[in-house]
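> no FASTA, just this:
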């Protein structure tokens, strides 16, 4: 077997190491950062593509919300001047309440005036009311009740969730003269 022998001068070998180190330094200092920057750019592009796709999918929903916001079907909270009903007209609240409940979309289960509050010394008449319906209908009811000038206050609202409906127990006070 013949052995191949390579004879290199020590000075040439030193130049080879120095030039190789310079080339390696150029690769490390120049190409590696460019590769890293390109990798980050690709990640950013993927993120932007995802956002564009998301915006395209949500565009119809956005259009619906914009159109809904342009509608002027906004509930304005009434604030009438407060008055007290004469005791002889205390039954007026029941008919007004039925009208307000019908307008709001709720159903009356029970409507009971508290006879203990009918005494001459009492400044208000308490009504215990039980209603069935949806949460949004309760909101409409409360807005409409705010328009009754003789409504003193609502003492209590209890909400019970049932199967497919909600039950609202309310204690309402009507101001009396």
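Sure thing, it's come through. In this text the structure is predicted, and so the values were computed from the model without any measurement.

> only C-alpha atoms for contact and neighbour calcs from this point on.
Fine.

> what about the residue lying closest to residue 90 once chain neighbours are set aside, neighbour count?
By the measure of C-alpha to C-alpha, 6 or more residues apart in numbering, the closest residue to residue 90 outside its immediate chain neighbours is residue 176, 7.5 Å from it. Number of residues near residue 176 (other C-alpha atoms under 10 Å) recorded here: 21.

> what separation do you get for residue 176 and residue 143?
21 Å (C-alpha to C-alpha, to the nearest Å).

> ok, residue 19 next?
85 Å.

> looking at those two, which one has more neighbours?
Under the criterion of other C-alpha under 10 Å, the comparison of residue 19 against residue 143 puts residue 143 first, with 18 against 12.

> ok now stretch 64-72, how far from the chain's centre?
In terms of C-alpha atoms, centre = their mean, to the nearest Å, the centre of stretch 64-72 is found 16 Å from the chain centre.

> avg pLDDT for that stretch?
What stretch 64-72 shows for mean pLDDT is 78.

> buried residues of it, list them for me.
By neighbour count with 16 or more other C-alpha atoms under 10 Å, stretch 64-72 contains no buried residues.

> try stretch 16-25
Result for stretch 16-25 [16+ other C-alpha under 10 Å]: no buried residues.

> for that stretch, what is the average pLDDT?
Stretch 16-25 shows a mean pLDDT of 92.

> so residue 173 is in which element?
strand 166-175 (DSSP states H and E).

> all helices of the chain, in order?
Along the chain, the stretches classed as helices by DSSP state H are 10-26, 32-70, 92-104, 135-145.

> how far off helix 10-26 does the longest one point, in degrees?
In other words, helix 32-70. 0 degrees (axes from the mean of the first three to the mean of the last three C-alpha atoms, to 10 degrees).

> what sits up against stretch 116-135?
The contact list for stretch 116-135, computed with C-alpha atoms under 8 Å, 6 or more residues apart in numbering, reads 90, 105-114, 152, 165-177.

> partners of the strand holding residue 173, with directions?
strand 124-133 (antiparallel), strand 151-161 (antiparallel) (DSSP bridges).

> worst-scoring helix or strand of this structure, pLDDT-wise?
Least confident helix or strand, the chain: helix 135-145 with a mean of 86, by mean pLDDT, DSSP states H and E.

> list the contacts for the residue nearest to the spatial centre of the chain?
By C-alpha atoms, centre = their mean, the mean C-alpha position of the chain lies nearest to residue 65, the distance being 13.5 Å. With C-alpha under 8 Å, 6+ apart as the criterion, no residue contacts residue 65.

> from residue 135, how far out is it?
21 Å.

> show me the shaky parts of this protein.
For the chain, the stretches flagged by pLDDT under 70 are 1-2, 72-76, 120.

> noted, bye for now.
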